[in-house]
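In: attaching a predicted model along with its sequence, questions to come.
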Amino acid sequence: MNHGQMPVRIVADDREEAGGVIAELRARADVALEVRRLATGDFLVEDRFAVERKTLADFARSVVDARLFKQAAALAQGARRAVLILEGAAVAGGEGGVSREALQGALITVSVFYGLAVLRARDAAETARLLVYLGRQAQEFARGALHRPGYRPKGRRARQLFVLQGLPGVGPERAARLLERFGSVQAVAVASADDLAAVDGIGETTARRIRWAVEESPASYEA
């Protein structure tokens, strides 16, 4: 944790102990973690975001039993911004007989109609990192630090920077560099890993993570 930074405050539901995310968070010096029973969601981040975590297999099961939509409705009606993290790689073969179209329809429902932000993570370790990124950016946003020093972007540019900072490993400075290099969020999304890595401060590791986050193949939602 950098000098002067406050720990990211995260409350985890005690039923998440077996998922591996709590263990990852406990190992971090930049997290102030509390574990207790939550009425809705699996994690609260900076008391501003209610986060529901689902593996792809659990996501498929929750579509079948309609649990997903009850949870999405409860999160959407809460006072905090709702986020869904889908964790895991594509499922080989089948999972509960749920079609790709049904899963995609469910994603449209929870994201567009219930308003949940949907993020992707490879595993429990990356889910933990996403939670910390979310909390850190919430702190920076509250301080006005998402803007570049000496410049306060307005309108479209502010929204573009905000979207880019949702990418893994991308904070305010990297978002600004990406936007300066490529000119738009769309151009960043279609840029190759080599072109991304060539941007100052990005590097090969972050470039690969960005590509993984944006180039989701249809098979990743098959069950």
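Out: Looks like it came in fine. Numbers count the residues shown, from 1 in each chain.
In: for the protein, give me the ranges with low pLDDT.
Out: 1-4, 90-97, 143-154, 215-223 (pLDDT under 70).
In: for the residue nearest the centre of it, give the beta-bridge partners.
Out: Of all residues in the chain, the one closest to the mean position by CA atoms, centre = their mean is L119, 3.6 Å from it. For L119, the beta-bridge partners under DSSP bridges are I85.
In: so what's A18 up against?
Out: Counting by CB atoms under 8 Å, 6 or more residues apart in numbering, A18 makes contact with nothing. No exception for glycine: its C-beta is placed from N, CA and C like everyone else's.
In: how close does it sit to E87?
Out: With the distance defined as CB to CB, to the nearest Å, A18 ends up 13 Å from E87.
In: ok, E34 next?
Out: 21 Å.
In: by contact count, what packs against the top helix by length along the chain?
Out: Longest helix in the chain by number of residues, with DSSP state H as the criterion: helix 124-142. Counting by 3 or more CB pairs under 8 Å, 6 or more residues apart in numbering; DSSP states H and E, the packing neighbours recorded for helix 124-142 are strand 8-13, helix 21-26, strand 43-45, strand 49-55, strand 81-87, strand 117-121.
In: what number of residues lie near the nearest residue to V8 once chain neighbours are set aside?
Out: Of all residues not flanking V8 in the chain, G135 sits nearest, at 3.3 Å (CB to CB, 6 or more residues apart in numbering). Counted with other CB atoms under 10 Å, residues neighbouring G135 total 25.
In: of E34 and E87, which one has the most company?
Out: E87 (23 against 9).
In: who touches that one in this structure?
Out: Contacts of E87 (CB under 8 Å, 6+ apart): R53, K54, T55, L56, R120, A121, R122, D123, A124, E126, T127.
In: any of those buried? List them.
Out: Neighbour-count burial (16 or more other CB atoms under 10 Å) applied to the contacts of E87 gives R53, K54, T55, L56, R120, A121, A124, E126, T127.
In: how about the fourth one: what's its closest non-neighbour residue?
Out: Spatial nearest neighbour of L56, chain neighbours left out: G88 (4.5 Å); criterion: CB to CB, 6+ apart.
In: if you tally nearby residues, what's the number for the one you found?
Out: Around G88 there are 18 residues (other CB under 10 Å).
In: any idea how far A125 lies from D47?
Out: 24 Å.
In: also S99?
Out: 38 Å.
In: any idea how far stretch 53-72 is from the chain center?
Out: Computed by CA atoms, centre = their mean, to the nearest Å, the chain-centroid distance of stretch 53-72 equals 17 Å.
In: which positions in that stretch come out as buried?
Out: Under 16+ other CB under 10 Å, the buried positions of stretch 53-72 are 53-56, 58-63, 68-69, 71-72.
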